Every structure is written in C-alpha cells, then in structure tokens.
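Enquirer: here's a sequence, model it:
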Amino acid sequence: MVPVLLNIPAATVFVLGCLCACVPPLQGHRPEHGDPLAAPRSDPQCWDSSSALLLEMRSPRIADTVPGFWDMMLVLRSSENGKHTALFWDLARVFWDLYLDCVLSRSHGLGRRHIPALHSLISD
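Expert: Alright, predicted model coming up:
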C-alpha cells in the first residue's frame, strides 16, 4: 500500500503534464478584451497616469506625450510586422497592470489616507 501512496504525486504530475501537452498553444492569439484601444476608459485619471508612467518606464522613450503614445500603439496594432504586434501586446500587458493597480488603489481608498479632518467628522 505504501508504494502506491508514494506514486500519487508522481502520477499527478504525469497526468497534468499530459493535459498541458494536449492543450494547443495560444501563440498569436490575444483576447479582444485585452486590447486597450478597444476598451472603454472607465477612469480617465488612471488611464492618463498609467499611460504617462509607462512612457517614463520605457527606455528608449517610445513617445513624448500620452496622445503620441496611443497613436504609436495604434500603428503597432495595425502593423503586419510580427515584432510590432508582439511589442503592442507587451506594452498592452504592462499598461493593464499599471491601470488596474491605479483603479484598485483609488477604489480602496489607498490614495485618501491623509484626510484626518474628514475622518474626525465621520467618527463624531
């Protein structure tokens, strides 16, 4: 009975490995909801600040202004060059990470901690 129990982790790894090998790779496939050019801008402040932060992070700079950045993103997305498409999706992924961090921090009040007067009004 003991040898069977010791083989369960190995069997689990083997089965999961087989399942992963059977799933076709999603190379080149990007979900439509991941395209920032097609998404609505629910929080314009976070949209602009995330875009500006992404511009500051990139070296060499890819644009001088936020509108210039989005114009460049449009060119990258519509390009037939695979490297341009890959760059577009890499930048889109980083942008969404920054944007979601901003939206979550704003919605959870992380940016509003320095208002003691308001806190005293609520607690009184």
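
Enquirer: how about the strands of the chain, start to end?
Expert: Under the criterion DSSP state E, the chain carries no strands.

Enquirer: got any ranges where it has weak pLDDT?
Expert: Within the chain, the stretches with pLDDT under 70 are 1-33, 109-124.

Enquirer: ok, 90 please
Expert: Across the chain, residues meeting the criterion (pLDDT under 90) sit at 1-44, 46-47, 55-64, 100, 102-124.

Enquirer: what ranges does it have for its helices?
Expert: Secondary structure of the chain, counting by DSSP state H: helices at 2-22, 44-57, 66-78, 82-107, 116-123.

Enquirer: in stretch 60-70, what counts as buried?
Expert: Using 16 or more other C-beta atoms under 10 Å as the burial criterion, the residues of stretch 60-70 that qualify are Ala63, Val66, Phe69, Trp70. Yep, even glycine has a C-beta here, placed from its N, CA and C like the rest.

Enquirer: one more: stretch 80-91?
Expert: Using 16+ other C-beta under 10 Å, the residues of stretch 80-91 that count as buried are Thr85, Leu87, Phe88, Trp89, Leu91.

Enquirer: between the buried residues of stretch 60-70, which is nearest Trp47?
Expert: Val66 (8.6 Å; C-beta to C-beta).

Enquirer: alright, that wraps it up for me.
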